[in-house]
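Chemist: pasting the structure only:
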């Protein structure tokens, strides 16, 4: 059955494949499925009802009273069209994504839903697999990002640091990890969507990670097993046991792409990725320098 | 190129029968020839049934003798619950190979091949994109026997397409089919009193209604749509949403770990969850259906509407059970009706008693009849209402007189 592993059916991989024979993307964009008004769940699995409940209770409490989030630069988030938000990432069960989403719903003149990209791991883990899509998380697959940004013209939040960001220990706080292989820049260029860098201060202190336990990680099948002030001794809910650090979010000026910018130009992709990373890092240092207290801002 | 002389494989299967019935109605289609090992299960008007399996030498002779220009292959088994895996493999791999062999070669009259496939081609895995499009590979090699079959069968179809550039080859990948006529293992799952789920998972599902499947195949026969296309209704539903639309509760009865052990136990109880559906119950699957739409195909049902239709059918099924006699193919009777010179009425081969337009006109006139009947009923109702009004007025007058009389007496 060695033959059967052959999956060369992808049209692109066949010999003599003519790229122009494909139906052009703008035509396909016109054939997106319409909205069925009776449905409470969208095609990505996002549930209006569950997201609403979650937003009005847990997220509201943390955003307003626990983290007392402050936002600047909201005008940099476009009111229409697709845009990719790129942020630093931290915390065992990272609170930063939910806070960015909440900030856009609360402070933006035209509140829009935010699609948060998460690891494929969550789709395979019971519980997470049910809950996360319902509250607006999608798997970080290039095709998903392309459809959201280009075809559906939505906001997408990505964390190029990925797991490396959430794994890092408290002693490395606010030091950005490597920005992957620049895949996020390629995705934004392909969709011709601007990149909006976002800086989040406070998440590192809210959920400090003191150590990572490799053995328990393997036993539980989780992607990492951190030691935080409340986890694991308070159980799984201890993952939500954040310390009341003051949250500050800063949305930076968007980086636009022109007609000539091709995602196949690896040098350009790397340059832009470095630029985004440098801007987030600089602004983080700036915000940390201004901060007088971890708890009161 | 519009097809005129069509060869259908798998005439005894549900899809073969449905498609034959649909193609008979097209006046531009000169001949519909259905081949299969078994006799057809549906009533056919002018489709000719030839009892032949997938023996390529025989098929080849049929194809050449009848100058077939289009071959529609509806015979692929995409549900491992319907037959044994050895039979499915035989049918899917060897059968496909033989049918393609019968269509290829110099001097073959075949100009178009339409192949019915399934979105099981993509599998269902953890690191899938939310919407598969036709240009994507599956992220992992196939895990189940049926998926392996589908991938291999499609590979041989595409190889055929490469070797026969003059032939238009369309591969249609259908999502999970729902409808009152067809039986699949997913419909069986949805027919149970509760919809079973794997604990902690709420997979995304996309469906296509059985009528849309037939129309999609028709579309490929009538138009030239070379290439691979996904066919699935608009909208991707969560399984919990599907249960809600069917009006049933859902129960996470399958454990997230050791799921295949649990389904093995369920099989003993008579509930069959095939391996390829199990992956879907865990990870779900959505496909991008826009390319076939861009080729001019329009869906009659969205995924949601297909589920609602199935729900209606499932509620009606216990009431209607046994109301209709199943059709039995009687070779002698069929042959008498089609070929005997003594048949004066209705047996004229190649012609329908009524054309499509005539049927439509008849339906319209029937509608008109119903309309006039309704108008008459309305008029009658108005007349009775008027009479009632007059009676009421008279009664009022009498009452007034009585009151006046009373007042005078006092």
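Modeler: Here it is on my side, so go on. The shown structure was predicted, so the numbers you read here are calculated from the model rather than taken from an experiment.

Chemist: quick one: residue B:67 and residue B:109 touch, right?
Modeler: Yes. Contact criterion C-beta atoms under 8 Å: residue B:67 and residue B:109 qualify, at 4.9 Å. Just so you know, the C-beta spots here come from the backbone N, C-alpha and C atoms, and that holds for glycine as well.

Chemist: neighbours around the closest residue to residue B:104 other than its chain neighbours, how many?
Modeler: Closest residue to residue B:104 apart from its sequence neighbours, by C-beta to C-beta, 6 or more residues apart in numbering or on different chains: residue B:164 at 5.6 Å. Neighbour count of residue B:164, defined by other C-beta atoms under 10 Å in any protein chain shown: 18.

Chemist: low-confidence stretches in the chain?
Modeler: With no chain named, the answer covers chain A. A:1-22, A:236 (pLDDT under 70).

Chemist: let me rephrase: I mean chain B.
Modeler: For chain B, the ranges with pLDDT under 70 are B:1, B:322-326, B:345-360, B:363-364.

Chemist: okay, now the domains of it?
Modeler: B:5-331, B:355-410 (automatic domain parsing).

Chemist: what residue is smack in the middle of chain B?
Modeler: When chain B is reduced to its mean C-alpha position, the nearest residue by C-alpha atoms, centre = their mean turns out to be residue B:210, at 2.0 Å.

Chemist: shouldn't that one be in contact with residue B:176?
Modeler: No. Using C-beta under 8 Å, residue B:210 makes no contact with residue B:176, being 11.1 Å away.

Chemist: can you give me the strands in the stretch 151-300 of chain B?
Modeler: B:168-174, B:176-178, B:195-198, B:204-205, B:207-209, B:227-231, B:237-238, B:250-254 (DSSP state E, counting those that start in this stretch).

Chemist: okay if I get the ones you listed as a markdown table plus distance to residue A:229?
Modeler: Formatted as a markdown table, the strands of the stretch 151-300 of chain B follow (distance: least, C-beta to C-beta, whole Å):
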| stretch | distance to residue A:229 |
| --- | --- |
| strand B:168-174 | 51 |
| strand B:176-178 | 47 |
| strand B:195-198 | 34 |
| strand B:204-205 | 36 |
| strand B:207-209 | 47 |
| strand B:227-231 | 49 |
| strand B:237-238 | 35 |
| strand B:250-254 | 33 |
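
Chemist: mean neighbour count and distance to residue B:383 for the ones you listed - can I get that in JSON lines?
Modeler: Formatted as JSON lines, the strands of the stretch 151-300 of chain B follow (neighbours: other C-beta atoms under 10 Å in any protein chain shown; distance: least, C-beta to C-beta, whole Å):
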{"stretch": "strand B:168-174", "mean neighbour count": "24", "distance to residue B:383": "56"}
{"stretch": "strand B:176-178", "mean neighbour count": "26", "distance to residue B:383": "48"}
{"stretch": "strand B:195-198", "mean neighbour count": "21", "distance to residue B:383": "53"}
{"stretch": "strand B:204-205", "mean neighbour count": "24", "distance to residue B:383": "55"}
{"stretch": "strand B:207-209", "mean neighbour count": "26", "distance to residue B:383": "46"}
{"stretch": "strand B:227-231", "mean neighbour count": "25", "distance to residue B:383": "55"}
{"stretch": "strand B:237-238", "mean neighbour count": "26", "distance to residue B:383": "51"}
{"stretch": "strand B:250-254", "mean neighbour count": "17", "distance to residue B:383": "54"}
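
Chemist: tell me what the lengthiest strand in chain A is packed against?
Modeler: Ranked by residue count under DSSP state E, the longest strand found in chain A is strand A:195-201. Using 3 or more C-beta pairs under 8 Å, 6 or more residues apart in numbering or on different chains; DSSP states H and E, the elements in contact with strand A:195-201 are strand A:83-87, helix A:96-107, helix A:183-191, strand A:248-251, helix A:266-290.

Chemist: partner strands of the shortest one, with direction?
Modeler: The pairing partners recorded for strand A:248-251 under DSSP bridges are strand A:70-72 (parallel), strand A:195-201 (antiparallel).

Chemist: circling back: most tightly packed of the domains of chain B?
Modeler: domain B:5-331 (a mean of 19; mean count of other C-beta atoms under 10 Å in any protein chain shown).

Chemist: what distance separates that domain from the centre of its chain?
Modeler: In terms of C-alpha atoms, centre = their mean, to the nearest Å, the centre of domain B:5-331 is set 8 Å apart from its chain centre.

Chemist: can you redo the strands paired with strand A:248-251 as TSV with mean neighbour count?
Modeler: Formatted as TSV, the strands paired with strand A:248-251 follow (neighbours: other C-beta atoms under 10 Å in any protein chain shown):
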stretch	mean neighbour count
strand A:70-72	16
strand A:195-201	25
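
Chemist: distance to chain A added to the strands of the stretch 151-300 of chain B, as JSON lines?
Modeler: Below are the strands of the stretch 151-300 of chain B laid out as JSON lines (distance: least, C-beta to the nearest C-beta, whole Å):
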{"stretch": "strand B:168-174", "distance to chain A": "9"}
{"stretch": "strand B:176-178", "distance to chain A": "16"}
{"stretch": "strand B:195-198", "distance to chain A": "7"}
{"stretch": "strand B:204-205", "distance to chain A": "5"}
{"stretch": "strand B:207-209", "distance to chain A": "13"}
{"stretch": "strand B:227-231", "distance to chain A": "7"}
{"stretch": "strand B:237-238", "distance to chain A": "5"}
{"stretch": "strand B:250-254", "distance to chain A": "9"}
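
Chemist: who's in contact with stretch A:226-242?
Modeler: For stretch A:226-242, the external contacting residues (C-beta atoms under 8 Å, 6 or more residues apart in numbering or on different chains) are A:58, A:62, A:66-67, A:91-93, A:95, A:167, A:206-213, A:216, A:225, A:243.

Chemist: go with 6 Å
Modeler: Identification of contacts with stretch A:226-242 by C-beta atoms under 6 Å, 6 or more residues apart in numbering or on different chains yields A:92, A:93, A:95, A:206, A:207, A:209, A:210, A:211, A:212.

Chemist: returning to that earlier point: out of the helices and strands packed on strand A:195-201, which is closest to residue B:59?
Modeler: Among the helices and strands packed on strand A:195-201, the nearest to residue B:59 by C-beta to C-beta is helix A:183-191 (45.9 Å).

Chemist: tilt between that closest one and strand A:83-87?
Modeler: When axes from the mean of the first three to the mean of the last three C-alpha atoms, to 10 degrees is applied, the directions of helix A:183-191 and strand A:83-87 differ by 170 degrees.

Chemist: helix A:183-191 packs against which elements?
Modeler: Contacts defined by 3 or more C-beta pairs under 6 Å, 6 or more residues apart in numbering or on different chains; DSSP states H and E place helix A:183-191 against helix A:142-146, helix A:266-290.

Chemist: ok, residue 68 - contacts?
Modeler: No chain was given, so I picked chain A. By C-beta under 6 Å, 6+ apart, the neighbours of residue A:68 are residue A:246.

Chemist: the chain in question should be chain B.
Modeler: B:5, B:7, B:109.
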